[in-house]
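Asker: Generate coordinates for the sequence data below:
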Amino acid sequence: MRIFKGIILASMLFSVSSVVAQELPIICTISNSDEKITYTADDLIFATRHNLIFQHDNGVLVSHIDVRAETFIQISQLKDQDYPNRPLVQFGHCSDVRASLSTWLLD
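Answerer: Alright, predicted model coming up:
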């Protein structure tokens, strides 16, 4: 019976550690909208204690997250015939930035 309890306990500890090891994304909401944007450690190109810079789509989309204020600004390059280099700037709020960062392995 002790062996059976030990196996159950070991499997429970393994399942909890695997959940903790997963990287949680940073989820941000665009102001005046219900649209959500997800940021992952794979897109992170620069980080300091209070700022994160992300790059998507080979540089067409760049985002800055302020860790303390939990706000973001996103700049994307629109392809338009009338305005070939017109940027789109969006602002918003992020939630649980520090909690997500604690699951990332930052070098």
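Asker: any idea how far Arg68 is from Ile45?
Answerer: Distance of Ile45 to Arg68, computed by CB to CB, to the nearest Å: 20 Å. The way it works is simple: take the backbone N, C-alpha and C, and place the C-beta from them, glycine included.
Asker: Can you check the pLDDT for Trp104?
Answerer: The model reports Trp104 with a pLDDT of 88.
Asker: wait, Pro25 sits on Tyr39?
Answerer: Yes. Pro25 lies in contact with Tyr39 (CB atoms under 8 Å); the separation is 6.1 Å.
Asker: which of those two has more neighbours?
Answerer: Relative neighbour count places Tyr39 above the other of Pro25 and Tyr39, with 21 against 17, counting by other CB atoms under 10 Å.
Asker: Report the contact partners of the more buried one.
Answerer: By CB atoms under 8 Å, 6 or more residues apart in numbering, Tyr39 lies in contact with Pro25, Ile26, Ile27, Cys28, Leu52, Phe54, Ser63, Ile65.
Asker: name the element Val89 belongs to?
Answerer: In this structure, Val89 is located in strand 87-95 according to DSSP states H and E.
Asker: Quick check: buried residues in stretch 93-103?
Answerer: Cys94, Val97, Ser100, Leu101 (16 or more other CB atoms under 10 Å).
Asker: Same question for stretch 64-81.
Answerer: Across stretch 64-81, burial judged by 16+ other CB under 10 Å covers Ile65, Val67, Glu70, Thr71, Phe72, Gln74.
Asker: what does stretch 44-63 give?
Answerer: Here stretch 44-63 shows Leu44, Ala47, Leu52, Phe54, His56, Leu61, Val62, Ser63 as buried, counting by 16+ other CB under 10 Å.
Asker: Local confidence estimate at the last one?
Answerer: It stands for Ser63. For Ser63, the predicted pLDDT is 96.
Asker: same thing with the second one?
Answerer: Ala47 is assigned a predicted lDDT (pLDDT) of 93.
Asker: Beta-bridge partners for it, please?
Answerer: Note on Ala47: beta-bridge partners by DSSP bridges are Leu52.
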